[in-house]
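Trainee: the following comprises the amino acid sequence and a computationally predicted model.
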Amino acid sequence: MTTRLHSIAQAAAAVAFMVAAAFCHGAESLDSIIIDAGYDQQTKIAVVPFRAGPEFGDLEPLSDIIGFDLARSGQFAPTERGNMLSLPAERAEVFFRDWRILGVEYLLVGRVAAEFNGDVSVSYELYDVTNERAMAEERLTAPAAKWRDLGHTIADVVFEAITGVRGAFSTRILYVLAQNTGTDYARYRLEMADSDGARARTLLTSDEPIMSPSWSPDAERAAYVTFETGRPVIALQNVATGERELLPHFPGINGSPIFSPDGRSLAVVLSRDGNPEIYLMNLADYRLRQITRHHGIDTEPSWTPDGRSLIFTSDRGGRPQIYQVELATNFVERLTFEGRYNARARLLPDGVHLVFVHRRDGVDHIAWQDLERNDLRVLTETALDESPSLAPNGTMLIYATQDQGRGILAVVSIDGRVKYRLPSSSGDVREPAWSPFIDGLNSAF
């Protein structure tokens, strides 16, 4: 028995050390989220602090990670711990009447334990309080370094169980952090962080600008533009190992790389013949196929979800507007007509709604448009809004903006009702890219 207790104590100590180390790694994460607006009618949920031993006492509670994920979606109003009448950890301890008195609609309870091998196991249960029924229950086991991933994973399950939409809290974001720009000490970093800005990790540091990061559809690689050779070059990098390669480059512009939905090619902008045009580059043999041919500037490509067309920005009509080209026929169609400047478009997963940079009264905002009804709605009210990137479930988008003269990231829901900011005290943050769905518990990063 003494040996068994000693083994448990060793496992608990290992868990505490490994998780603490994981948190230290995110010391330069984006600052705390500032929530500016949410839904008027939020769903009331109680995320009860998960029962855990003293070895977890110095760690951020999983219930805080889960509750904050749900709160920043704008759709949930988590109950404050001080208002809870009890702190159940399993079904036998739940008294639904108490939660109904508080107006709680859903209840999440759970338990945390240290495994013999140093892993962490979490058991949780989600309940519909009104009908007193279980909606989800599961036991998860993961290495201690995956502590925050456990919280995000559970938040994803809760979000989908209640809303019917797949959660995107386990995703990551890429962004460029610029420091001391305009001086001889300028530095640029390609950063990756959790979708809430935590656990920032530097993928590349350079004295020269880094631009236009994008994710591969399997979230294993990033493409971006680097000026490390003195000219723009497109690079591919494995986000877990750091292994990278510079792709074949050409005179003039080499920019705006974005992966096809099948991951086999990149849409890029090249000015190899003197005029910026859109090309496809086959990643197996680097063969090029020219897509656009026009004396105007064609740039900022993005893919339709089915991979059959590209959305792009062009001034071929005299002003920057959004166009679509079918890859099979090269048929080009103009999509935006309202306003004198529309650019950097991304199509939602439904294939019928578009988000892009829209200039109104001389100020750039992020706008949403229904392509079937030609209905346009401005989503943001801040100034110099740019570089929108969609969450993989299509419910939110992240973009770059300005706050007190500093570049920051901000997030807005696709209906404009939920807004929050991700400020940074480390420098100017720009050009965000939201990852595809990620299995955080099994990913290599």
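Mentor: Received it, and whenever you're ready, just let me know what you need.
Trainee: tell me who's in contact with V109.
Mentor: 48, 50, 88-91, 93-94, 124-125, 127 (C-beta atoms under 8 Å, 6 or more residues apart in numbering). Placement of C-beta: from N, CA and C, glycine included.
Trainee: got the buried residues for stretch 166-174?
Mentor: If you call a residue buried by 16 or more other C-beta atoms under 10 Å, then stretch 166-174 has these buried ones: 167-174.
Trainee: hmm, I typed the wrong one, I wanted stretch 208-226.
Mentor: 210-217, 219-226.
Trainee: pick out whichever of those residues sits closest to E333.
Mentor: S214 (23.7 Å; C-beta to C-beta).
Trainee: ok, and the closest non-adjacent residue to F96?
Mentor: Leaving aside its sequence neighbours, F96 sits nearest to E132 (C-beta to C-beta, 6 or more residues apart in numbering; 4.9 Å).
Trainee: the one you found: neighbour count?
Mentor: Per other C-beta atoms under 10 Å, the neighbour tally for E132 reads 14.
Trainee: coming back round to it: keep only those of the buried residues of stretch 166-174 that are in helices.
Mentor: Taking DSSP state H, every one of the buried residues of stretch 166-174 sits outside helices.
Trainee: adding pLDDT, write those residues out as JSON lines.
Mentor: Shown next, in JSON lines, are the buried residues of stretch 166-174 (pLDDT from 0 to 100):
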{"residue": "G167", "pLDDT": "97"}
{"residue": "A168", "pLDDT": "97"}
{"residue": "F169", "pLDDT": "97"}
{"residue": "S170", "pLDDT": "98"}
{"residue": "T171", "pLDDT": "98"}
{"residue": "R172", "pLDDT": "98"}
{"residue": "I173", "pLDDT": "98"}
{"residue": "L174", "pLDDT": "98"}
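Trainee: closest one of the contacts of V109 to A444?
Mentor: Y124 (24.9 Å).
Trainee: where does that closest one sit: helix, strand or coil?
Mentor: Per DSSP: H, G, I helix; E, B strand; the rest coil, the secondary structure class of Y124 is strand.
Trainee: which strand residues bridge it?
Mentor: Applying DSSP bridges to Y124 gives these bridge partners: G110, E138.
Trainee: so it sits against V48, correct?
Mentor: No: applying C-beta atoms under 8 Å, one finds Y124 not in contact with V48, separated by 9.8 Å.
Trainee: so for these two, which residue has more residues nearby?
Mentor: Neighbour count, other C-beta under 10 Å: between Y124 and V48, Y124 has more, with 27 against 22.
Trainee: might you report the residue contacts of the more buried one?
Mentor: 50, 108-111, 136-138, 140, 154.
Trainee: buried ones among the residues you listed?
Mentor: 50, 108-111, 140, 154.
Trainee: want to throw those residues into CSV with distance to S425 and pLDDT?
Mentor: Converted to CSV, the buried ones among the contacts of Y124 look like this (distance: C-beta to C-beta, whole Å; pLDDT from 0 to 100):
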residue, distance to S425, pLDDT
F50, 31, 97
L108, 33, 98
V109, 36, 98
G110, 33, 97
R111, 37, 97
L140, 34, 97
I154, 30, 98
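Trainee: let me have the residues you listed in JSON lines, adding distance to R308 as columns.
Mentor: Listed next are these as JSON lines, based on distance: C-beta to C-beta, whole Å:
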{"residue": "F50", "distance to R308": "46"}
{"residue": "L108", "distance to R308": "41"}
{"residue": "V109", "distance to R308": "46"}
{"residue": "G110", "distance to R308": "44"}
{"residue": "R111", "distance to R308": "48"}
{"residue": "L140", "distance to R308": "38"}
{"residue": "I154", "distance to R308": "37"}
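Trainee: elements contacting the helix or strand where V411 lies?
Mentor: For V411, the host element (DSSP states H and E) is strand 406-413. Helices and strands touching strand 406-413, as assessed by 3 or more C-beta pairs under 8 Å, 6 or more residues apart in numbering; DSSP states H and E, comprise strand 172-179, strand 396-403, strand 419-422, strand 428-434.
Trainee: and the shortest one, what other elements does it pack with?
Mentor: In other words, strand 419-422. strand 34-37, strand 406-413.
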